[in-house]
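S.K.: 3D model of this:
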Amino acid sequence: MLLSVFFLPGIHANRCGRSTPLVFITTPQPTAALSGSCLNVPCSFTAAPGDTVFDSSKEIRGAWIKDGNYIYNINNGVKTNLVEITGNLSQKNCTSLFSDINKSQAGEYFLRIENGDYKTTACSDPLQITVE
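M.R.: Reported below is the predicted structural model:
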């Protein structure tokens, strides 16, 4: 018996619903941290053109969305209490520092990018963080 599997462009995991993702992140997987420590996550992204195109000369805003609904706001490297983007979003670097991490921060994180009219979420490849 021969089994064939085909992956069609634009078809991704259920997390994307009917949307075709336009942003794809590269992070180490799996990512684990000790409770009470800091976690530095190297991250880069690629941006595919959609109805609009990613333009690194425009203001770029980013956010981490946890488990599909909770947003850790990261505006162009501005630090919040829980996470700071240390990478340069205009260079497609989304490296982030999670401070004083605890078990409630374990889960899946999705990167949201807003760049003028270019607004999309990396729904097909989340960052998975476990906390011990």
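S.K.: biggest strand in the protein by residues?
M.R.: Longest strand of the chain, by residue count under DSSP state E: strand 107-115.
S.K.: now T31. Nearest residue, chain neighbours left out?
M.R.: Spatial nearest neighbour of T31, excluding adjacent residues (C-beta to C-beta, 6 or more residues apart in numbering): I129 at 5.1 Å. Placement of C-beta: from N, CA and C, glycine included.
S.K.: tell me the contacts of the spatially most central residue of the chain?
M.R.: Nearest to the mean C-alpha position of the chain, by C-alpha atoms, centre = their mean, lies L111 at 2.4 Å. The neighbours of L111, taking C-beta atoms under 8 Å, 6 or more residues apart in numbering as the test, are V23, I25, C43, F45, G62, A63, W64, I65, C94, T121, A122, L127.
S.K.: try 10 Å this time
M.R.: Remark: with contacts taken as C-beta atoms under 10 Å, 6 or more residues apart in numbering, L111 is in contact with 23-25, 27, 43, 45, 62-65, 74, 85, 89, 94, 96, 120-123, 125-127.
S.K.: not counting residues beside it along the chain, what's closest to it?
M.R.: If the residues on either side of it in the chain are set aside, L111 comes closest to A122, at 4.4 Å by C-beta to C-beta, 6+ apart.
S.K.: and the one you found, what pLDDT?
M.R.: A122 carries a pLDDT score of 91 in this model.
S.K.: which residues in this structure form strands?
M.R.: With DSSP E as the criterion, the chain has strands spanning 23-26, 31-33, 39-41, 44-47, 61-66, 70-74, 83-85, 96-98, 107-115, 118-121, 127-131.
S.K.: worst mean pLDDT among these?
M.R.: It's strand 70-74: among the strands of the chain, that one has the lowest mean pLDDT, namely a mean of 58.
S.K.: and L34, how many residues sit next to it?
M.R.: For L34, the count of nearby residues is 10 (other C-beta atoms under 10 Å).
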